[in-house]
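1. Predicted model, plus sequence, below.
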Protein chains: 6
Amino acid sequence: MKRVLLTGAAGTLGTAMRKALAGWADELLLSDLIPVDDVNAGESFVACDLGDLDSVIELVRGCDGIIHLGGQSVEGTFDSILNGNLKGTYHIYEAARQMGVKRVFFASSNHVVGFHSREERLDAKSPMRPDSLYGVSKGFGELMAQYYFDKFGVESALVRIGSCLPKPIDRRMLSTWLSEGDMADLIKKVFMVNRLGCTVIYGASNNPWSWWDNRHANFVGWQPKESSATFEQEVLANDPLLDDDNPLLLFQGGVFATAGHFEDK
Amino acid sequence: MKRVLLTGAAGTLGTAMRKALAGWADELLLSDLIPVDDVNAGESFVACDLGDLDSVIELVRGCDGIIHLGGQSVEGTFDSILNGNLKGTYHIYEAARQMGVKRVFFASSNHVVGFHSREERLDAKSPMRPDSLYGVSKGFGELMAQYYFDKFGVESALVRIGSCLPKPIDRRMLSTWLSEGDMADLIKKVFMVNRLGCTVIYGASNNPWSWWDNRHANFVGWQPKESSATFEQEVLANDPLLDDDNPLLLFQGGVFATAGHFEDK
Amino acid sequence: MKRVLLTGAAGTLGTAMRKALAGWADELLLSDLIPVDDVNAGESFVACDLGDLDSVIELVRGCDGIIHLGGQSVEGTFDSILNGNLKGTYHIYEAARQMGVKRVFFASSNHVVGFHSREERLDAKSPMRPDSLYGVSKGFGELMAQYYFDKFGVESALVRIGSCLPKPIDRRMLSTWLSEGDMADLIKKVFMVNRLGCTVIYGASNNPWSWWDNRHANFVGWQPKESSATFEQEVLANDPLLDDDNPLLLFQGGVFATAGHFEDK
Amino acid sequence: MKRVLLTGAAGTLGTAMRKALAGWADELLLSDLIPVDDVNAGESFVACDLGDLDSVIELVRGCDGIIHLGGQSVEGTFDSILNGNLKGTYHIYEAARQMGVKRVFFASSNHVVGFHSREERLDAKSPMRPDSLYGVSKGFGELMAQYYFDKFGVESALVRIGSCLPKPIDRRMLSTWLSEGDMADLIKKVFMVNRLGCTVIYGASNNPWSWWDNRHANFVGWQPKESSATFEQEVLANDPLLDDDNPLLLFQGGVFATAGHFEDK
Amino acid sequence: MKRVLLTGAAGTLGTAMRKALAGWADELLLSDLIPVDDVNAGESFVACDLGDLDSVIELVRGCDGIIHLGGQSVEGTFDSILNGNLKGTYHIYEAARQMGVKRVFFASSNHVVGFHSREERLDAKSPMRPDSLYGVSKGFGELMAQYYFDKFGVESALVRIGSCLPKPIDRRMLSTWLSEGDMADLIKKVFMVNRLGCTVIYGASNNPWSWWDNRHANFVGWQPKESSATFEQEVLANDPLLDDDNPLLLFQGGVFATAGHFEDK
Amino acid sequence: MKRVLLTGAAGTLGTAMRKALAGWADELLLSDLIPVDDVNAGESFVACDLGDLDSVIELVRGCDGIIHLGGQSVEGTFDSILNGNLKGTYHIYEAARQMGVKRVFFASSNHVVGFHSREERLDAKSPMRPDSLYGVSKGFGELMAQYYFDKFGVESALVRIGSCLPKPIDRRMLSTWLSEGDMADLIKKVFMVNRLGCTVIYGASNNPWSWWDNRHANFVGWQPKESSATFEQEVLANDPLLDDDNPLLLFQGGVFATAGHFEDK
């Protein structure tokens, strides 16, 4: 890869990926609303509001690929989601089309399917059941990606990220944890495979308790190497077992599915 | 039904439904950006911009049900779609939640699945493949409806309307035609059934060439009575057969799927 | 048919079928715990406790086919179900095997699948989810029938009867009603078809609101002729609409699914 | 249609279709190994051995469409099948490609799926299980058609014909009968639909006992009008019921599935 | 776990599990009809006839969980199965409900699906096809468990145990073997997972020849560690290859599927 | 195994398998049109034209099993395919039937499904979509095998071989590579398993990028040990990345799917 755009570069996930991807591309073009101070060799930074199409077009110009982590990444007001995730994702795809970028890694979320029960095994064909306005907006992003693929040939990985953290810190993450190393490997595979199409991939490490089946994305060649089992004892000791009928245990989305409407609070 | 809100009342479809539903509810509350002049007995009119949440809440107050036909109904600029369909549909559902309205008839569109090929048989579980920004926005509306059902219990019929016109006027409509009478029957069934859930229904009459299978919505009890076959000879005479490999014939969405980006024009 | 056994002949359903099947077989051998007084020409009666294997063997001797309506037909104590439905159904199949009877019409029940939601479309491959001890016992009967087919070649129609009454009398029966005439036709088809196998059939008339799909049993050639739609206005007038979130509306089994344990009462 | 080739024109099925299609096309070009004597207005005849590619190319030149009924139509020696059905079908498709014919009605056969049991409901996605060398050769024809569609865009209807006769004459045909009128309607629909693709269609009338589900071909718009039920009493009277475990009843192919190897006889 | 009931504690499987689970729970309450002599620290023993509801209620009082291995574990007379498996399983679940026990490990059996062919891949959604009265009774137990989950919230693992022995001793067990260690691990996982639901799990080790797919139970986190491949050479040497058409090879249930009715012997 | 026939013994694949299977059978009977010079101990050679039935019958006489690699193994003229693959495969199966050979390893090809897209995950139930006349002929062989199994009980492994070479040499082979060792293991498993049926197996090693899912053949017990990942760096360095919309990347068959008709060249 010559020049790859990384949006959301100042966020937690963006920061972790910068480190993990060091040296992978000739140039990693970082972008965020918030400045990134410690720009390294092989990186550059351009501040950009994803809500402004013209700025996004300028940002995307000359890139080979886009890793789109930017936008709102948790539940928020409809306005915050509208700007970051509805407008923002449209702008990324429209800019990709205009600038001829062929491939996008889109950070979708497990909250697109958060209202499925924990006893269900999901795959790429499972219906979307968002658990939050945030989840709805990520579903919108997946539909936008599908549209730009079907009509304009822009390829996407729609990565329904579980919990990307240094290690799992509660019982739910025994199922949903995605190690930073596995996520970085996935990014590399997504840009290496000959043909990507528009492909849903569940972003979880090789966890024994996983709810998700990636067989339809097997052709991408990603094989996560880490497992939440490594941290099982630690998690069990620190996170007490809830009662079986606690609503928090019913749905894959966890607290997202049980929380009421954001603006009621 | 006591009081039912009909959005988009000034549009073609809204106008046809006003006529077909005359006398069905105690009060049909009409709403649109554009005034409706000929308000009949049993009807009332309130102008409302769906892009303004407070206005929508006031509009919805005191209704038993909502027939949501409003918003942008063909391809348009992203801004027009953003206001009418993204904000607008969110506002309808958020108002329903706040005002305790239990059931919504949501006019979705076949353009939510317009990139499926014409040889495919679709049902409620087929993946969405929107053929336009308009189609993406209707898919967003379906996700919003699913979210409000799963979290807050607001029930919806997600009606993927084909071509609701007095009669089919081209070959594609032999598959997609929905008679106005069948649509009005569907509205009545949707508000009559004991339990609706959040249910996808393809809005087409009993056409021999239909691409869509409504078996998952059979419990609603809707059985369309009219058929495009009645108009077959007239349509065949007036609409010449295209060449087999004309792109217009490949996809269910027809010209929506083959048109480029709206703003390029 | 020469000689066909009808168990449960003194019950409501048995009585209706006696009338509807008059003249169909050379001899209709009626049986029940309770005597049948008005034995007609072409009928004979033998009292029998299905809980006693030797009596059942004698009953079955010389029959060409069995219509098994006997046993407990609503929720009851485990003991009543044990005797009538667990022992009783085993005895019918074991007697069929020993006496060389080739085909059984087994009156199973929709309560075998009563914990499916009303928005689900069921077919012969849907998993069993009984809503009562009665439903569990009918599921046991279906498994017993499958076993006797796979191992000994005794064929069965496993008829998951909805609500077999002269007419539908509440809103749920708009979905579940089975007219007596349609049921009698089904019995005839089951004994006419060349090869029956062990086949699940949902026993409902041609109702617009039906939850059940009989396509896997299409080969039997049964096409119900009556429809609950005939009685729609009458039912709607007499049975008030419940609130959407009334638990009675959630499950197909209706009150069977919401009632607690029988013996608690 | 201007000029349509009908192969196998001297056979029983070809003769029936000539009559049923009279006046449909400007010219119906008849062909067979055996001469057709009674060539009518609107028809012409050219003798042709389907086993000779050059002759087939000349035959196909200038046609708009092909109705391919020719070749071996019952079980036979491998050599007879090789010439008529393996070479013959290849030659028809290769000629269509070279001469630019866009659409073929291919008379496949239910014997392509004859080893499925009679209790199974088949659709276009059911695996092939041929019951004879003849059935294998028709499966080969379907694969050839799929290949010419995927690579060269030649569209086909793969019509798995049941029993096309003036009326059903045995119990099996209560399931498999295809009236001549329904078959002629199907031919017309196949050449009328805007886009055909490469589509499996089961060729049976609207029979209550049918084993086959044509929902994936619904877009073609064919709705058979006749039913074997019309002849039920006559068939039942003339064709005695076989014992349940007679091998003839096990498989859809009937005697084709139970007969041994043709050349052993 | 504080106090866990283990029924069938005097049987082979019960004895093996006592050893494998030593120290896992504060108290393992052993029960059987036959006394257990060697009660260890951390264990207690209460004799109980599962056919007596009151005794079972007393047994279950104060337990956190139930491992139900008791009852008839091979084919037998209907009476023996009636008492141990029909009444017995009902009593276990009814006692769990009354005493507030939330979770049951139910030892079901592969003989619930024993009439599927060996070339079929089964998962949790495969239909039951019992190969024996014993298999029917285990299917009854699964339905009872489903009923108690749907109505009363008692969770269950329905473990279709293959062949739980120290090592595989014939060719069939290359597919069905479950090591004692893997079974004990499964018990622990079943009681550890946050939410269990009512979940079918095939009880087999990580055998290359396995017929069963546990993906729907993946969320339980069980990953069997042993494999029948370890014993492949020994098994092949000691168990001669049968002829391909030997009925013993047709069905997964092996000799259970080919044996006639128990009481004929 | 006592005596096993290996057809196509002089070809590349045949030569590799001779080496890999040395010592496995008492006698490996080699056959080809072209002589094999270096016949080793435990091998014998008989020249045979597969297009001649009598010769094939003599060849097969006295064998326990057949490994059928012979015939045309790449695209060719229809005549070459007709002789080697259509006649040839028929002759192998007819000879097996006449000579009582119970089991055949049939070298089918991934080109039977070569027109599926690379983003699709295929399994044994995926429809055939051949990418060449060669692919059609292999599909014909699979149908012939199915027919001989259903009617005469001859069992087959239908092995859709990917790319069996010492190592993968282009990017496509990262998905399709089958190591020679894994193929030899598969042959051994096919002849070792108690019951084989007629089973589709995709012939690929344990490659991360594989398009194929062998779960339906799991019962055969084959677990490939090698992986294309071993050669990933070497392949990536030597085979440049094609443009995303290069037709060569669209279909699994690669150049077979994009090449025109063989005889046009």
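-> Thanks, I have it.

2. List the buried residues in stretch A:108-123.
-> Residues of stretch A:108-123 classed as buried by neighbour count (16 or more other C-beta atoms under 10 Å in any protein chain shown): A:108-116, A:118-122. Using the backbone N, CA and C atoms, a C-beta is placed for each residue, glycine as well.

3. And stretch A:177-194, by the same measure?
-> So for stretch A:177-194, counting by 16+ other C-beta under 10 Å, buried means A:177-180, A:182-194.

4. Which ones among these map onto strands?
-> A:177-178 (DSSP state E).

5. Run through the residues of the stretch 1-150 of chain A sitting next to chain B.
-> Listed as neighbours of chain B in the stretch 1-150 of chain A under the rule C-beta under 8 Å from any C-beta of the partner chain: A:78, A:82, A:86-87, A:90, A:94, A:97, A:115, A:125, A:127-133, A:135-136, A:139-140, A:143-144, A:146-147, A:150.

6. Which parts of chain A are helices?
-> Along chain A, the stretches classed as helices by DSSP state H are A:12-20, A:53-60, A:78-81, A:88-99, A:133-152, A:173-176, A:180-192, A:232-238, A:255-258.

7. how about stretch A:108-120 against chain C, any contact?
-> No - contact of stretch A:108-120 with chain C (C-beta under 8 Å from any C-beta) is absent, the minimum separation being 13.0 Å.

8. That stretch: end-to-end distance?
-> By C-alpha to C-alpha, to the nearest Å, the extent of stretch A:108-120 from end to end equals 20 Å.

9. That one - what's its average pLDDT?
-> Averaged over stretch A:108-120, pLDDT sits at 98.

10. Whether it contacts chain E - can you check?
-> Yes - Stretch A:108-120 comes into contact with chain E (C-beta under 8 Å from any C-beta), by way of A:117-119.

11. Output the below-cut-off pLDDT ranges for chain A.
-> A:265 (pLDDT under 70).

12. tell me which parts of it are close to chain E?
-> So chain A meets chain E at A:117-119, A:121, A:171-172, A:174-175, A:208-211, A:213, A:236, A:241-242, A:244-245, A:249-250 (C-beta under 8 Å from any C-beta).

13. how does it look with 6 Å?
-> A:118-119, A:121, A:171, A:208-209, A:211, A:244, A:249 (C-beta under 6 Å from any C-beta of the partner chain).

14. Closest to chain D out of those residues?
-> Proximity to chain D was ranked across the residues of chain A next to chain E by C-beta to the nearest C-beta; first place goes to A:Arg121, at 22.6 Å.

15. Count the neighbours of the nearest residue to the closest one once chain neighbours are set aside for me.
-> Spatial nearest neighbour of A:Arg121, chain neighbours left out: E:His216 (5.1 Å); criterion: C-beta to C-beta, 6 or more residues apart in numbering or on different chains. Neighbour count for E:His216, taken as other C-beta atoms under 10 Å in any protein chain shown: 17.

16. how far away is E:His216 from A:Gly221?
-> In this view, E:His216 and A:Gly221 are 26 Å apart by C-beta to C-beta, to the nearest Å.

17. And for A:Leu174?
-> 26 Å.

18. Compare neighbour counts for the two and give me the winner.
-> A direct count of neighbours by other C-beta under 10 Å for A:Leu174 and A:Gly221 places A:Leu174 higher, at 26 against 22.

19. Report the contact partners of the more buried one.
-> Residues in contact with A:Leu174 (C-beta atoms under 6 Å, 6 or more residues apart in numbering or on different chains) are A:168, A:209, A:228.

20. Identify the farthest-apart pair in the buried residues of stretch A:108-123.
-> For the buried residues of stretch A:108-123, the farthest-apart pair by C-beta to C-beta is A:Ser108 and A:Glu119; their separation is 22.7 Å.

21. A:Ala204 is in contact with A:Ser210, isn't it?
-> Yes - with contact defined as C-beta atoms under 6 Å, A:Ala204 counts as touching A:Ser210 (5.2 Å).

22. Now A:Gly153: closest residue in space, sequence neighbours ignored.
-> F:Asp245 (6.2 Å).

23. Count the neighbours of the one you found for me.
-> When neighbours are counted by other C-beta under 10 Å, F:Asp245 comes out with 11.

24. That one and A:Gly100: what is the separation?
-> Applying C-beta to C-beta to F:Asp245 and A:Gly100 gives a distance of 12 Å.

25. same question, A:Gln72
-> Counting by C-beta to C-beta - A:Gln72 and A:Gly100 are separated by 28 Å.

26. who has more neighbours, these two?
-> When A:Gln72 and A:Gly100 are compared on other C-beta under 10 Å, the one with more neighbours turns out to be A:Gln72, at 22 against 12.

27. I'd say the more buried one and A:Ser80 touch.
-> Yes - assessed by C-beta under 6 Å, A:Gln72 is found in contact with A:Ser80 at 5.2 Å.

28. residues shared between the contacts of those two?
-> Contacts common to A:Gln72 and A:Ser80, judged by C-beta under 6 Å, 6+ apart, are absent.

29. ok so, going back, what about A:Ala204 and A:Ser210, which has more around it?
-> Taking neighbours as other C-beta under 10 Å, A:Ala204 and A:Ser210 compare with A:Ala204 leading, 28 against 24.

30. Give me the phi and psi angles of that one.
-> Phi and psi for A:Ala204, reported as degrees, to the nearest 10, are phi -140, psi 150.

31. Next, count neighbours for A:Asp37.
-> Neighbours of A:Asp37 (other C-beta under 10 Å): 7.

32. Against A:Arg118, how distant is the residue of the stretch 151-265 of chain A found nearest chain C?
-> As assessed by C-beta to the nearest C-beta, chain C sits closest to A:Leu250 within the stretch 151-265 of chain A, at 15.4 Å. For A:Leu250, the distance to A:Arg118 equals 7 Å [C-beta to C-beta].

33. now A:Arg195
-> Distance from A:Arg195 to A:Arg118, by C-beta to C-beta: 34 Å.

34. coming back round to it: turn the helices of chain A into TSV, including distance to E:Gly162.
-> Formatted as TSV, the helices of chain A follow (distance: least, C-beta to C-beta, whole Å):
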stretch	distance to E:Gly162
helix A:12-20	43
helix A:53-60	56
helix A:78-81	50
helix A:88-99	49
helix A:133-152	40
helix A:173-176	26
helix A:180-192	33
helix A:232-238	26
helix A:255-258	36
